[in-house]
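Novice: I need the structure of the sequence given here:
(chains A and B)
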Amino acid sequence: MPEAMGFFTDTTICIGCKACEVACKNWNQLPATNGGVTQLSGDSYDNTRKLDGTHWRHVKFIEQFEGPYNGRWLMMSDVCKHCVQAPCLEICPTGAIIRTEFDTVVIQSDVCNGCRACIAACPFGVIEVNHVSGTAQKCTLCYDRVGVGLEPACSKACPTDSIQFGPIAELRERAQRRVEQLHAQGETRAQLYGADPSGPLGGLNSFYLLVDEPEVYGLPRNPQLPTRNLKKSAMFSVASAVVLGLLGLVGLRKQRMDERARGGGGEGEGGAGNV
Amino acid sequence: MSDTFVTAAPHWTWFIIPYFFVGGLAGGAYFLAALLEWFGRPEDRPVIRTGYYVAMAGAIVSGALLTVDLGRPLRFWHMLLQSERLPNLMFKPWSPISFGSWGLLLFGGCAALSTLGALAEQGTLQARALKALHGGVPARLIAAAGGLLGFFVAGYTGVLLSVTNRPIWADSPWLGALFVVSGASTGAATLILLAPRAAPRRSLAWLSTFDRNALIIELLLIVVFLVSLGSVARVWVSGWGLLLLVGVIGAGIVLPLRPHFQSTGSGAMSELAMVNSALWVLLGGFLLRLTILMASEGIQLHRVAGT
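Specialist: Residues are numbered from 1 along each chain as shown, chains lettered A, B, ... in the order given. Below is the predicted model:
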């Protein structure tokens, strides 16, 4: 049985070159958007803006500026988190989303019918429909490359090793050492996001080293499974149905009793046009 | 900020909104017909038959809307069968879409059988085999199953929304209950509008009273739903919030409730007032789905924070 594999992304050494985005698009033959014409976001140096069905890697530029000279960029190469307890996999009604032998999460494009349940289920906003295939798509953690012993295209292309690929256990140790190093250097805000297997969603097989709060990077503080609401929501629905059923029965009974009190048949009662 | 705000919208819009509405009223109409099938009188038969016809038409329209909405419509059957392991069934009881696909299919089956029975009862269909489908024990058993499935079809759509990670939807567990009640009220309104004019007034009066009660519960549930959202409720300070207030609560609940409390004299409502109220109820039911879906769909933050 192969080991669980994944990504450790050290955001402190990302330089925002977007080589990972290009490598991902190249290897996975993802189509260009807007006919290949660059569409400027207009309010950021980041023009990709988000992950979607044709952008399986996205380098976020978090521009924290107060005035033109006072501030900093945080850069983070974002991707599917390959959650250990994956909300998309849990909710997919067609069985298109599977867990691979590398403990990664893959959408089988030939099974997906584009219902988009996984999009609403993903707590990270990773998945969207690829309008060429008509199916939901996202990072496969280069399942085809990993299967033949190759490194995923993005981490292979990353010039600073901000994206590191390997066995999860090994990556966690490496990440912990890096946090300690940063703390020792005075960067006390350094923290891991998603590295704890006892944390939300059983840990993320693509986890991050951050130097600010998760919200600043557009990450949920406490990502959860969508089925957390299932029991309560179903119970309330059943209760409301029971109440309505009883009201219907009480209404029928009351009608009969009123008719009996009036001395019989209800048909033809009331004036014309009245009930 | 709720964690739900960093997620992506599934774009469940112009096919799903009418589906939620049509599925709700079809389920509600069948449920009411089933209730009359079991506990009604022979004079209620025209309303019962109308309920079955509405349910059948609603199930067909629902299936069509859901299929067209898929990115790959020809793969609609992947919801029911494992496409890679035929003929194994595809069923995940904890996934509302999976459960709902089966629920809608079975509901459609019950509605079809009941419709055949109703057509035979009216003499439109003459086959001897159809006799068992109206009036007898089999017809009542089908009605019982279909009535329960009707409520399921009306309500699972709300549960489906709550079982996501999207803002508003996943921030409250009350949408399923709200949709069940709205489905029942729009179902009753549809029957009031479509039942043959020859239907006994008593049946229509029962529907009208039922609708009144459902609307009162719906109003209460909307308040509970909004309160349960907590800090997320501020998203309703928007055009969708205005539509919820004016269209759903004002036009769809308060307006149709008014005649019920004005006609104090004989306790009766004129037929015109009843039809008028039913039309407003249908508008309100549609706007409820529209506002709930679109208010969340509109929240599509670029997931680049910190700016």
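
Novice: where does chain B have its least confident helix or strand?
Specialist: Least confident helix or strand of chain B, by mean pLDDT, DSSP states H and E, is helix B:255-262 with a mean of 88.

Novice: check which helices and strands that helix sits against.
Specialist: helix B:201-228, helix B:271-297 (3 or more C-beta pairs under 8 Å, 6 or more residues apart in numbering or on different chains; DSSP states H and E). For the C-beta atoms, the positions are set from N, CA and C on the backbone; glycine is no exception.

Novice: now the ones you listed in a markdown table, please, with extra columns for mean neighbour count and distance to A:P214.
Specialist: Below are those laid out as a markdown table (neighbours: other C-beta atoms under 10 Å in any protein chain shown; distance: least, C-beta to C-beta, whole Å):
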| stretch | mean neighbour count | distance to A:P214 |
| --- | --- | --- |
| helix B:201-228 | 21 | 25 |
| helix B:271-297 | 22 | 22 |
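
Novice: out of those, which is closest to B:V248?
Specialist: helix B:271-297 (4.8 Å; C-beta to C-beta).

Novice: do that closest one and chain A meet?
Specialist: Yes - Helix B:271-297 comes into contact with chain A (C-beta under 8 Å from any C-beta of the partner chain), by way of B:271-272, B:274.

Novice: any idea of the angle that helix forms with helix B:255-262?
Specialist: Inter-element angle recorded for helix B:271-297 and helix B:255-262: 140 degrees (by axes from the mean of the first three to the mean of the last three C-alpha atoms, to 10 degrees).

Novice: what are the buried residues along stretch B:77-86?
Specialist: Going by neighbour count (16 or more other C-beta atoms under 10 Å in any protein chain shown), the buried part of stretch B:77-86 is B:78-81, B:83.

Novice: of these, which is the nearest to chain A?
Specialist: Among these, B:H78 lies closest to chain A (C-beta to the nearest C-beta), at 4.1 Å.

Novice: how about the helices and strands packed on helix B:255-262 in JSON lines, adding mean pLDDT?
Specialist: Converted to JSON lines, the helices and strands packed on helix B:255-262 look like this (pLDDT from 0 to 100):
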{"stretch": "helix B:201-228", "mean pLDDT": "94"}
{"stretch": "helix B:271-297", "mean pLDDT": "94"}
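
Novice: of all the ones you listed, which lies closest to A:C158?
Specialist: Closest approach to A:C158 among the helices and strands packed on helix B:255-262 (C-beta to C-beta): helix B:271-297, 34.9 Å.

Novice: now for that closest one, which elements pack on it?
Specialist: Using 3+ C-beta pairs under 8 Å, 6+ apart: helix B:271-297 touches helix B:16-39, helix B:137-162, helix B:175-194, helix B:201-228, helix B:239-243, helix B:255-262.

Novice: what is the neighbour count of the closest residue to chain A within chain B?
Specialist: Relative to chain A, the nearest point of chain B is B:G71 (1.9 Å; C-beta to the nearest C-beta). Close neighbours of B:G71, defined as other C-beta atoms under 10 Å in any protein chain shown, add up to 19.

Novice: ok, and which of the buried residues of stretch B:77-86 reach chain A?
Specialist: B:78-79, B:83.

Novice: coming back round to it: shouldn't the residue of chain B closest to chain A be in contact with A:G114?
Specialist: Yes - between B:G71 and A:G114 there is a contact at 1.9 Å, judged by C-beta atoms under 8 Å.

Novice: quick check: neighbours shared by the two?
Specialist: Taking C-beta atoms under 8 Å, 6 or more residues apart in numbering or on different chains as the criterion, B:G71 and A:G114 both touch A:129, A:134-136.

Novice: how about a markdown table for those residues, with distance to B:I299, neighbour count and pLDDT added?
Specialist: Output for the shared contacts of B:G71 and A:G114, formatted as a markdown table (distance: C-beta to C-beta, whole Å; neighbours: other C-beta atoms under 10 Å in any protein chain shown; pLDDT from 0 to 100):
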| residue | distance to B:I299 | neighbour count | pLDDT |
| --- | --- | --- | --- |
| A:V129 | 18 | 23 | 95 |
| A:G134 | 24 | 19 | 94 |
| A:T135 | 24 | 25 | 96 |
| A:A136 | 19 | 27 | 97 |
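
Novice: OK, contacts around A:P152?
Specialist: Applying C-beta under 8 Å, 6+ apart, the residues near A:P152 are A:7, A:141-142, A:145-146, A:165.

Novice: for those residues, which one is nearest B:G100?
Specialist: A:L141 (30.7 Å).

Novice: give me phi/psi at that closest one?
Specialist: Main-chain dihedrals, A:L141, degrees, to the nearest 10: phi 50, psi 40.

Novice: got a pLDDT number for the closest residue to it other than its chain neighbours?
Specialist: Nearest residue to A:L141, sequence neighbours excluded (C-beta to C-beta, 6 or more residues apart in numbering or on different chains): A:T104, at 4.2 Å. For A:T104, the model assigns a pLDDT of 97.

Novice: coming back round to it: format the helices and strands packed on helix B:255-262 as CSV; extra columns: distance to A:I15.
Specialist: Shown next, in CSV, are these (distance: least, C-beta to C-beta, whole Å):
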stretch, distance to A:I15
helix B:201-228, 45
helix B:271-297, 36
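
Novice: so which of those gets nearest A:V37?
Specialist: With distances scored as C-beta to C-beta, the stretch of the helices and strands packed on helix B:255-262 nearest to A:V37 is helix B:271-297 (27.0 Å).

Novice: residues in contact with whichever residue of chain A sits closest to chain B?
Specialist: Among residues of chain A, the one nearest chain B by C-beta to the nearest C-beta turns out to be A:G114. It sits 1.9 Å away. Applying C-beta under 8 Å, 6+ apart, one finds that A:G114 lies in contact with A:129, A:134-136, B:70-72, B:75.

Novice: residue boundaries of the helices in chain A?
Specialist: A:19-27, A:87-91, A:117-121, A:143-146, A:153-157, A:168-184, A:230-262 (DSSP state H).

Novice: now those helices in a markdown table, with mean neighbour count, distance to B:A205 and mean pLDDT?
Specialist: Shown next, in a markdown table, are those (neighbours: other C-beta atoms under 10 Å in any protein chain shown; distance: least, C-beta to C-beta, whole Å; pLDDT from 0 to 100):
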| stretch | mean neighbour count | distance to B:A205 | mean pLDDT |
| --- | --- | --- | --- |
| helix A:19-27 | 19 | 65 | 96 |
| helix A:87-91 | 24 | 44 | 97 |
| helix A:117-121 | 29 | 42 | 97 |
| helix A:143-146 | 16 | 63 | 96 |
| helix A:153-157 | 21 | 68 | 97 |
| helix A:168-184 | 15 | 67 | 97 |
| helix A:230-262 | 17 | 7 | 92 |
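
Novice: could I get the ones you listed in JSON lines, plus columns for distance to chain B?
Specialist: Listed next are these as JSON lines, based on distance: least, C-beta to the nearest C-beta, whole Å:
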{"stretch": "helix A:19-27", "distance to chain B": "14"}
{"stretch": "helix A:87-91", "distance to chain B": "5"}
{"stretch": "helix A:117-121", "distance to chain B": "4"}
{"stretch": "helix A:143-146", "distance to chain B": "16"}
{"stretch": "helix A:153-157", "distance to chain B": "18"}
{"stretch": "helix A:168-184", "distance to chain B": "19"}
{"stretch": "helix A:230-262", "distance to chain B": "3"}
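
Novice: how about these in a markdown table, adding distance to B:N213?
Specialist: Listed next are the helices of chain A as a markdown table, based on distance: least, C-beta to C-beta, whole Å:
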| stretch | distance to B:N213 |
| --- | --- |
| helix A:19-27 | 56 |
| helix A:87-91 | 34 |
| helix A:117-121 | 33 |
| helix A:143-146 | 55 |
| helix A:153-157 | 58 |
| helix A:168-184 | 56 |
| helix A:230-262 | 5 |
